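S.K.: For reference, the sequence and a predicted model appear below.
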Amino acid sequence: MKIKVKVKPNSSKEKIEKISNGEYEVWIKEKPVDGKANTKLVKILKKYFKQDIRIKSGFASRKKIINIQDKEF
């Protein structure tokens, strides 16, 4: 499943807000330096969805496309 995420780095809080079906806004405390914000984003989304997360596109952008992978048993 793919979702669109708008990231707000260097925030004072960390939260996830669903905008519409398949679109989310995520606030993270990390600064967008050396991929730290992307790493934190993956951790937060992995905890939220309880599935494996991969950034599909938008590595250097605030708007990203995220791939949520189903867990295989």
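M.R.: Nice, thanks for sending it over.

S.K.: Hmm, Lys29 is touching Ser11, no?
M.R.: Yes: with contact defined as C-beta atoms under 8 Å, Lys29 and Ser11 form a contacting pair (6.0 Å). Any C-beta I mention is one placed from the backbone N, CA and C, and that applies to glycine too.

S.K.: Tell me where the model's unsure across this protein.
M.R.: For the chain, the stretches with pLDDT under 70 are 71-73.

S.K.: At which residues are the helices of it located?
M.R.: 36-49 (DSSP state H).

S.K.: Strands along that one, start to end?
M.R.: 2-8, 15-20, 23-27, 52-57, 63-69 (DSSP state E).

S.K.: Distance to Val33 and mean neighbour count for those - can I get that in CSV?
M.R.: Formatted as CSV, the strands of the chain follow (distance: least, C-beta to C-beta, whole Å; neighbours: other C-beta atoms under 10 Å):
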stretch, distance to Val33, mean neighbour count
strand 2-8, 13, 17
strand 15-20, 21, 11
strand 23-27, 17, 17
strand 52-57, 16, 14
strand 63-69, 17, 15
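
S.K.: Make CSV out of those and add distance to Leu41.
M.R.: Shown next, in CSV, are these (distance: least, C-beta to C-beta, whole Å):
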stretch, distance to Leu41
strand 2-8, 6
strand 15-20, 10
strand 23-27, 6
strand 52-57, 7
strand 63-69, 7
